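>>> Okay, sequence plus prediction incoming.
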Amino acid sequence: MVDPAVVEAFVAQLKGEKGDKGDQGDPGPAGVVGALNNMIPFSTLPGANDDDRLDKFFETYGTATRKPALVKDNLGDISLVRQHVVPKDGFKWIDPAGIGTQGDSHNGNTGMIRLRNKTGGGVFRFQDGECWGVQLIGLVFDVIPGEANRLCEPNKLCKVWKFTFADSAYANGAGILGSSAVAQPVDTLVFAGAYADFNNITDVAWNVAGADSKLNAVQTLLNSPTTLKKSGPLCVFSSMSKSAFAGFYVTAQEAQIGIHVKGGGTGGLFIGKPGDVLEGRLDVKPAWGSLARLEADTSWFGVNVNYAMTDPANGWGGAAFNRGLIHAVSGNHAAVGLVSRYAQGVGTDVPLWFQAAGSLDIAHCRATNSKGEPFRPLVRVTPAVKLFHDESVRVEVVAA
């Protein structure tokens with residue numbers, strides 16, 4: 001736990017109340033105190049409300065040669081109602097103490113950034129063209145449950161060169177980047193720090209097209225409300241090359257799938273490390289169909305793939321697209337060390353991996369049934385698939 005006295009001292013130093021003021025840079029408009037090491041405390045920005053203060057920050061520093069970081073220096077909540085246009089140079093917003101704690105809007109947590117845009121649009125909007133970078137560090141964004149507020153309004157006409165989400169959380173809304181209908185171009189997407197938390201997502205947490213990304217926080221949590229009746233993916237990689245998604249715990253339910261790899265590129269997408277989990281919610285409440293749909297190159301390593309395929313006909317896209325816990329439509333894939341726990345009522349004849357086209361190299365996999373009894377998992381492919389495998393799996397070739 002952070003010592004409150006340390007936080008108070010840090011904030012006081014930012015505001016120039018005591019200690020070495022350091023390099024204060026541009027002091028900004030009247031009422032804004034210059035910041036230590038080029039940082040601007042949110043509470044010092046002028047305005048009648050939090051929206052005014054954020055607009056003033058963008059207005060004053062949006063084109064600054066040496067752009068300062070915006071610091072969430074107050075212990076209480078920030079409430080944003082309006083939509084805010086992100087400067088083309090981007091911005092950095094940090095909570096140096098990591099004051100916020102993840103949760104929903106009804107549990108009494110404080111220190112959050114509450115998104116209250118009643119239109120259901122994104123609180124941040126990218127301009128057409130390019131945005132050079134957004135960094136969100138140590139922040140917690142919370143949406144009123146039942147509202148569709150996004151963190152960023154999708155804009156396929158804007159390429160975001162870098163987007164970093166580190167030690168931060170987003171809860172109860174539609175998602176942070178893109179939508180189920182629109183992929184947000186992001187050249188480099190980074191999840192970092194101890195956690196990146198996406199809780200109670202009502203659409204897709206992200207739908208991105210880019211490259212050279214590392215979604216690799218120590219723990220990335222992704223789920224949806226238990227009451228949500230939704231079909232489709234929780235996250236989408238519309239195109240991704242030489243990138244990795246690891247350190248995750250993804251929970252899909254009913255007609256949802258956890259991961260949709262929709263497009264690819266050179267090197268494809270690397271997925272997982274030992275201990276990562278992709279699963280239906282529970283053994284007794286599994287996903288109806290597949291947990292991942294692959295349409296481009298991937299490499300999987302050490303992922304636990306659990307609790308699915310109890311009702312493929314009612315899964316996303318119907319039975320034709322839910323033929324295994326992982327369903328590969330096409331692409332070239334490698335999978336090593338997959339571990340699966342099958343849900344109640346799902347037999348050993350249900351494939352761990354189904355593939356319709358492309359190539360697959362799969363090895364060192366294992367599975368257990370709902371009683372914990374081990375068996376060799378089934379890999380089912382069509383004759384169009386070029387297959388390499390070891391003795392840890394059973395293979396069945398079927399007509400397309």
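Received the coordinates, thanks. Numbering: from 1, shown residues only.
>>> Output stretch 192-209 as CSV, nothing but the C-alphas.
C-alpha atoms of stretch 192-209 as CSV (Å, rounded to 0.1, in the frame of the first residue of the first chain):
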residue,chain,number,x,y,z
ALA,A,192,2.3,-3.5,-19.7
GLY,A,193,2.8,-3.4,-15.9
ALA,A,194,1.3,-5.7,-13.3
TYR,A,195,-2.1,-5.8,-14.9
ALA,A,196,-4.4,-4.6,-17.7
ASP,A,197,-8.0,-5.2,-16.6
PHE,A,198,-11.0,-5.3,-18.9
ASN,A,199,-14.0,-6.2,-16.8
ASN,A,200,-17.7,-6.5,-17.8
ILE,A,201,-17.1,-5.7,-21.5
THR,A,202,-20.4,-5.2,-23.4
ASP,A,203,-19.0,-5.2,-27.0
VAL,A,204,-15.4,-5.9,-27.8
ALA,A,205,-12.5,-4.8,-25.5
TRP,A,206,-10.4,-4.0,-28.6
ASN,A,207,-10.5,-4.5,-32.3
VAL,A,208,-7.2,-3.4,-33.7
ALA,A,209,-5.2,-3.6,-36.9
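>>> quick check: mean pLDDT across it?
Averaged over stretch 192-209, pLDDT sits at 95.
>>> Heading C-terminal from the longest strand seen in the chain, find the next helix or strand.
Ranked by residue count under DSSP state E, the longest strand found in the chain is strand 184-199. Where DSSP states H and E defines the elements, the next helix or strand beyond strand 184-199 is strand 206-211.
>>> contacts for that following strand?
With Cβ atoms under 8 Å, 6 or more residues apart in numbering as the contact definition, strand 206-211 has outside contacts at 154, 175-180, 182-189, 235-243, 263, 265. The way it works is simple: take the backbone N, C-alpha and C, and place the C-beta from them, glycine included.
>>> hmm, 7 Å instead?
The contact list for strand 206-211 (Cβ atoms under 7 Å, 6 or more residues apart in numbering) reads 175-180, 182-189, 235-243, 263, 265.
>>> who are the neighbours in contact with the nearest residue to Ala171 once chain neighbours are set aside?
Nearest non-adjacent residue to Ala171, counting by Cβ to Cβ, 6 or more residues apart in numbering: Asn199, 4.3 Å away. By Cβ under 7 Å, 6+ apart, the contact list for Asn199 reads Gln102, Ala169, Ala171, Leu221, Asn223.
>>> cool, Arg281 as well?
Thr251, Gln253 are the contacts of Arg281 under Cβ under 7 Å, 6+ apart.
>>> shaky segments in this structure?
For the chain, residues meeting the criterion pLDDT under 70 lie at 1-37, 98-110, 118-120, 145-148, 264-266.
>>> list the buried ones in stretch 377-385?
Buried residues in stretch 377-385, counted by 16 or more other Cβ atoms under 10 Å: Pro377, Leu378, Val379, Arg380, Val381, Val385.
>>> Does the second one touch Asp349 like I think?
Yep, that's Leu378 we're talking about. Yes. Leu378 is within contact range of Asp349, at 6.5 Å (criterion: Cβ atoms under 7 Å).
>>> Any of the contacts of strand 206-211 buried? List them.
Of the contacts of strand 206-211, these count as buried by 16+ other Cβ under 10 Å: 175-180, 182-189, 235-241, 243, 263, 265.
>>> And stretch 329-341, how far out from the chain middle?
21 Å (Cα atoms, centre = their mean, to the nearest Å).
>>> again, but for stretch 286-296
Centre-to-centre, stretch 286-296 and its host chain are 17 Å apart (Cα atoms, centre = their mean).
>>> With stretch 114-130 instead?
17 Å.
>>> Also stretch 172-187?
Worked out by Cα atoms, centre = their mean, stretch 172-187 lies 9 Å from the chain centre.
>>> Endpoints of it, how far apart?
26 Å (Cα to Cα, to the nearest Å).
>>> Pull the residues that contact that stretch.
By Cβ under 7 Å, 6+ apart, stretch 172-187 touches 104-105, 115, 142-145, 147-152, 154, 156, 158-163, 165, 170, 200-212, 232, 236, 238.
>>> Buried subset of these as a PyMOL selection?
Buried subset of the contacts of stretch 172-187, written as a PyMOL selection, criterion 16+ other Cβ under 10 Å:
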select buried, resi 104+105+115+142+143+144+147+148+149+150+151+152+154+158+159+160+162+163+165+170+200+201+202+203+204+205+206+207+208+209+210+211+212+232+236+238
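>>> what are the ranges of the helices in the stretch 1-150 of the chain?
Using DSSP state H, counting those that start in this stretch, the helices of the stretch 1-150 of the chain run over residues 4-14, 50-61.
>>> Show me the beta-bridge partners of Trp206.
Here Trp206 shows beta-bridge partners Leu177, Cys235, assigned using DSSP bridges.
>>> Look up how far Leu157 lies from it.
The spacing between Trp206 and Leu157, counted by Cβ to Cβ, to the nearest Å, is 18 Å.
>>> now Gly90
On the measure of Cβ to Cβ, Gly90 and Leu157 end up 16 Å apart.
>>> now do Leu325
Counting by Cβ to Cβ, the gap from Leu325 to Leu157 is 37 Å.
>>> For these two, indicate the residue with more neighbours.
Remark: of Leu325 and Leu157, Leu325 carries more neighbours, 32 against 10, as counted by other Cβ atoms under 10 Å.
>>> ok, now which ones touch the more buried one?
Contacts of Leu325 (Cβ under 7 Å, 6+ apart): Ser290, Leu291, Val305, Ala308, Met309, Ser340, Leu352.
>>> Between which two of the residues you listed is the distance greatest?
Ser290 and Ser340 (12.4 Å; Cβ to Cβ).
>>> And the two? Which one has more around it.
Applying other Cβ under 10 Å to Ser290 and Ser340 shows that Ser290 carries more neighbours, namely 30 against 26.
>>> tell me which element the nearest residue to the more buried one once chain neighbours are set aside falls in.
Closest residue in space to Ser290, ignoring its immediate chain neighbours: His327 at 4.2 Å, by Cβ to Cβ, 6+ apart. Applying DSSP H and E as the criterion places His327 in strand 326-328.
>>> Strand partners (parallel or antiparallel) of that strand?
Short version: by DSSP bridges, strand 326-328 pairs with strand 292-294 (parallel), strand 353-355 (parallel).
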